[in-house]
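Asker: Can you look at this prediction? I've put the sequence above it.
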Amino acid sequence: MATIIYPSKLSLSDVEDKFKLQEVMEPEFFPECVEDLPQLSEIERQILDRAKANYKYLSKDLVLEDLVKMVVVSPLLDWAGFYQPPFKVQAEYEVSLPIEDKDEDTIVKGRIEILAVSKPIWIAVIESKRSAVSLQPAIPQALVYMLKSPQTEQPTFGLVTNGASFIFIKLVKGETLRYGLSKAFDIWNPGNYLYDVLGILKRIAAVTANS
């Protein structure tokens, strides 16, 4: 009988070891976060300013996952174009992923909170957490879900957020499984880093829609 492991129980080191993943630190690996980002319109900036103000007001109390999605994540997905063709959006999508192990059969099972799909072979994972929760545990979870994508020729992208901070993930499959992380974009920093998050989402949407 197969042993079932839940992604929430795996550390980043566990995921790297079990799936033979290698982290790439060079910025050239993840140009989608810094190059050819689209300029935002004035109305987009106003909407993101409002989203930031709403979040900061609501975060005076603990912000739960559903509120994170509604206040911050949903406007970002909308203005990045993920609610329009060719994308399909699902919530709470269940996945299972077998691990090659000579000693026993092991299956990692879990749920993706928001799944955006383009041309049924591309997956973007958005794992939202309570505002008081660190993003660190969400990164290995997102990587497990991204590994489920059947896409092998094009990269798979993910995003983890607790509403206040955002980290993008890029996974490239090949002879070696490689991944890279963006810097953390924090809503509490001066200015509005939601501009950067939306720009990167638009860039990723364009890359995947045209691939």
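Answerer: Sure thing, it's come through. Not measured: the values here are computed from a predicted model. Numbering: from 1, shown residues only.

Asker: going forward, measure contacts and count neighbours with C-alpha atoms only.
Answerer: OK.

Asker: is it true that residue 161 touches residue 135?
Answerer: Yes: assessed by CA atoms under 8 Å, residue 161 is found in contact with residue 135 at 6.6 Å.

Asker: quick one: which of these two has more around it?
Answerer: When neighbours are counted by other CA atoms under 10 Å, residue 161 comes out ahead of the other of residue 161 and residue 135, with 29 against 22.

Asker: so where does the closest residue to residue 184 other than its chain neighbours fall, helix or strand?
Answerer: Here the nearest residue to residue 184 in space, its sequence neighbours aside, is residue 167; by CA to CA, 6 or more residues apart in numbering that works out to 5.0 Å. Taking DSSP states H and E as the definition, one finds residue 167 inside strand 165-172.

Asker: same deal with residue 67?
Answerer: Following DSSP H and E, one finds residue 67 within helix 65-68.

Asker: So residue 157 sits against residue 167, correct?
Answerer: No: contact status for residue 157 versus residue 167: not in contact, 10.8 Å apart, counting by CA under 8 Å.

Asker: Quick check: phi and psi on the most centrally placed residue in the chain?
Answerer: For the chain, the residue lying nearest the average C-alpha position, counting by CA atoms, centre = their mean, turns out to be residue 159 (1.7 Å). Torsion angles at residue 159 (phi, psi; degrees, to the nearest 10) stand at phi -140, psi 130.

Asker: same question, residue 185
Answerer: Recorded main-chain torsions at residue 185 are phi -100, psi 120, according to degrees, to the nearest 10.

Asker: try residue 201
Answerer: The phi/psi pair for residue 201 (degrees, to the nearest 10) is phi -60, psi -40.

Asker: Packing partners of the helix holding residue 67?
Answerer: Packing partners of helix 65-68 (3 or more CA pairs under 8 Å, 6 or more residues apart in numbering; DSSP states H and E): none among the helices and strands.

Asker: I would like the residues contacting the following helix or strand past that helix, please.
Answerer: Scanning forward in sequence from helix 65-68, with DSSP H and E defining helices and strands, the next element found is helix 74-80. With contacts defined as CA atoms under 8 Å, 6 or more residues apart in numbering, helix 74-80 is touched by 44, 48, 51, 83, 197, 198, 199, 201, 202, 205.

Asker: the helices in this structure, which residues?
Answerer: 12-19, 42-58, 65-68, 74-80, 138-147, 194-209 (DSSP state H).

Asker: So for residue 33, which of those helices sits nearest?
Answerer: With CA to CA as the measure, helix 194-209 is the member of these nearest residue 33 (5.6 Å).

Asker: between the closest one and strand 165-172, how big is the angle?
Answerer: Put simply, helix 194-209 runs at 20 degrees to strand 165-172, going by axes from the mean of the first three to the mean of the last three CA atoms, to 10 degrees.
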